[in-house]
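1. need a structure here:
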Amino acid sequence: MDRRRSLALLRTWLPLLVLSVAVAGAGAYGLSTVTPKTYEAQATVIVGQSYAAGTADYNQLLASQRLSATYASLATKRPLLATVIQELKLNESPDTLGRKVQAKAQADVATLTISAQDADPDRAAAIANAVADELITASLAVQGGQSDIQSSVDAYLKSTQELIATTQARVKRLSQVTRTAAQDQELDQAYAQLITLRSTYAQLLGFASPTQANRLTVIEPAVPPTVAVSPRPLVNAILAATVAFLAVAAVAFVVESMNETVRNADDVEAVAGIPTLGRIQQMRLRGRQSLYRLAAVLQPRSPEAEAYRTLRTNVEFAAVDGPIRSLLVTSAVPGEGKTVTAANLAVVFAQAGRRVLLVDADLRTPGIDEIFTLENTQGLTTAIRDEMPLDTFAATTEVEGLRVVTTGPLPPNPAEILASQRMRTIVTEAAKDYDLVILDSPPLDVVTDAAVLSSYLGGTLLVVDARRTRRTAVRRAREALEAADARVLGAVLNRIPDRSPADYRDYYAAAYESQDGSRESDAGVNNREATL
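-> Residues are numbered from 1 along each chain as shown. Prediction:
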């Protein structure tokens, strides 16, 4: 997909994209501001005493890390949560509290983080601390010891540490003074007592060491948080806007992938391999007479009329080998606006000083007679039947230099008549008398009439509706013209969505008024145009 195609798609989907992102972001932000806030408090528990010990024991540290996962699982069990509910007098079930509490063991350190969420920040901190305290109490069951024995060991260790510190202070004081004989004896006794206390302390550590890895200590109690963890209005708005953007982008991708409509010149070039000589916007004709007349006549300075003049110039430049004396205007399928295009193109050529003959060669559903408000009793079929020149049945129009030949009575065998030698002869003779002969024909995808005509005319224009013509139809039309060895000058992209500024259109508003002041809806005009 090239840059112009990408820009065209962006221009098409940008309004919906911006609207969806804005609505989703604003809606998520507004909903987040009215949603009740949730606060989260955290308490950190250390497993083991390796950090407090004088010498680190790698085995104890490794055991503590492994036990952290066990304690994390224990923190959210029903019995422990039921105890917390009873202690804090919470009015909720253990299952409900379990959805608020989360325990996470760290991977590389022997710590455990207990998180609690609640609408009240003080209650969130109380829950986290209560779970931590109950987990410490339950740790004795995990290590398999008895609480009274462990408490006694802890008390002896503490008292021994205090005695060691006191004795060391006595030794230091006696060592720094001039001692008497009695003081020397006191110093010796202090040294002996210090040795005994250290030996006792080592023995007590021996009793306590098997359980050190299971020790739980709260090193950071939970405090009431000041900032809510949810909802987060700005984050939610960004996420909602991003999801809306991706959703619309996905829809656009799917729609564009499935859409086979030929909408711009790049599509025409890719499908049919022919240049686009004209781009005609969707007409905004109003008034009853507009149904039967032409934009190039009613609004000579309108954007549509200027587009037909541009088409006329490009047709002239396309004929590099010499002037084109006969031109076929056709389309792939019915309703693409070929008849209106042929009529307007004939008008602008005549306005440029050319002698133009417009022939309605659509012997199945003619439309030129309605556009120029002409009788269709005699015309092309009459000239072929009576072997008379086309000029005999050419009607004059209000456009100087432009004459029109209608179809005449519709025959039962249009393809045979258009392929006859007599048809070729009268078109060749007409091309000698006029500067340009323009023929309107049936669609290529319906009958073979247009392919027959294109084989002996000087050039062919393929009209493509930018709103509805599918790629397969354009491709088949191009193949039909190639099979007929037609000289295809290019395509006319018709009914392009109008993006003209309102003030630019208002400049021509007076020209759209009918003589009696009446107006006709754009839908009525479009329906009429779709049949031509």
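
2. now this protein, which segments are flagged as low pLDDT?
-> Under the criterion pLDDT under 70, the flagged ranges of the chain are 1-5, 8, 48-66, 140-153, 203-215, 259, 284-293, 498-532.

3. domain ranges for it?
-> Annotated domains of the chain cover 3-35+231-258, 39-220, 265-511 [automatic domain parsing].

4. Which parts of the stretch 351-500 of the chain are strands?
-> Remark: strands assigned in the stretch 351-500 of the chain by DSSP state E, counting those that start in this stretch are 356-360, 395-396, 402-405, 436-440, 459-465, 488-496.

5. now the domains of the chain as JSON lines including mean neighbour count?
-> (C-beta placed from N, C-alpha, C; glycine too.) Listed next are the domains of the chain as JSON lines, based on neighbours: other CB atoms under 10 Å:
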{"stretch": "domain 3-35+231-258", "mean neighbour count": "14"}
{"stretch": "domain 39-220", "mean neighbour count": "16"}
{"stretch": "domain 265-511", "mean neighbour count": "20"}
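
6. Could you find the closest non-adjacent residue to residue 432?
-> Once flanking residues are discounted, residue 432 sits nearest to residue 325: 7.9 Å by CB to CB, 6 or more residues apart in numbering.

7. again with residue 349
-> residue 356 (4.8 Å).

8. rewinding a little: for residue 21, find the nearest of the strands of the stretch 351-500 of the chain.
-> When those are compared by CB to CB, strand 488-496 sits nearest residue 21, at 27.7 Å.

9. Name the strands paired with the closest one and say parallel or antiparallel.
-> strand 276-281 (parallel), strand 459-465 (parallel) (DSSP bridges).

10. Next SSE downstream of the shortest one?
-> Pointing back at strand 276-281 there. Downstream of strand 276-281, the next assigned helix or strand under DSSP states H and E is helix 295-298.

11. can you give me how far that next one is from the chain middle?
-> On the basis of CA atoms, centre = their mean, to the nearest Å, helix 295-298 sits 42 Å off its chain's mean C-alpha point.

12. ok, now stretch 445-459?
-> 44 Å.

13. how long is that stretch end to end?
-> 19 Å (CA to CA, to the nearest Å).

14. element containing residue 114, please.
-> Under the criterion of DSSP H and E, residue 114 resides in strand 111-118.

15. what residues does that strand touch?
-> 38-47, 68, 71-72, 75, 100-106, 124-125, 127-128, 131-132, 135, 216, 219, 222, 229 (CB atoms under 8 Å, 6 or more residues apart in numbering).

16. in the stretch 1-150 of the chain, which spans are helices?
-> Counting by DSSP state H, counting those that start in this stretch, the stretch 1-150 of the chain has helices at residues 3-34, 58-74, 78-88, 94-98, 121-143, 147-175.

17. The ones you listed: which one's closest to residue 380?
-> helix 3-34 (40.3 Å).

18. In terms of secondary structure, what does the closest one contact?
-> Helices and strands touching helix 3-34, by 3 or more CB pairs under 8 Å, 6 or more residues apart in numbering; DSSP states H and E, are helix 233-258, helix 265-272.

19. need the ones you listed in JSON lines with distance to residue 17, can you?
-> Below are those laid out as JSON lines (distance: least, CB to CB, whole Å):
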{"stretch": "helix 233-258", "distance to residue 17": "5"}
{"stretch": "helix 265-272", "distance to residue 17": "21"}
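
20. And these: which comes nearest residue 483?
-> Across the helices and strands packed on helix 3-34, closest to residue 483 is helix 265-272 (CB to CB), at 13.9 Å.

21. hmm, back to that, is it possible to get the strands paired with strand 488-496 out as CSV so that each row also shows distance to residue 437?
-> Below are the strands paired with strand 488-496 laid out as CSV (distance: least, CB to CB, whole Å):
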stretch, distance to residue 437
strand 276-281, 18
strand 459-465, 11
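
22. related to what we said a few turns ago, between the helices of the stretch 1-150 of the chain, which one is nearest to residue 237?
-> It's helix 3-34; of the helices of the stretch 1-150 of the chain, that one is closest to residue 237 (CB to CB) at 3.9 Å.

23. now the angle from the closest one to helix 265-272?
-> 120 degrees (axes from the mean of the first three to the mean of the last three CA atoms, to 10 degrees).

24. how close does the residue sitting furthest away from the middle of the chain sit to residue 187?
-> Most distant from the centre of the chain: residue 181, at 96.9 Å, with distances by CA atoms, centre = their mean. Remark: distance between residue 181 and residue 187 (CB to CB, to the nearest Å) = 11 Å.

25. So the residue nearest to residue 396 when sequence neighbours are not counted versus residue 355, what's the distance?
-> Residue nearest to residue 396 in three dimensions, not counting chain neighbours: residue 403, with 5.8 Å by CB to CB, 6+ apart. Between residue 403 and residue 355 the computed distance is 8 Å (CB to CB).

26. Common neighbours of the two, please.
-> residue 434.

27. now the end-to-end length of stretch 297-310.
-> Rule used - CA to CA; the end-to-end distance of stretch 297-310 is 16 Å.

28. I meant to write stretch 390-398 there.
-> Using CA to CA, the end-to-end distance of stretch 390-398 comes out at 19 Å.
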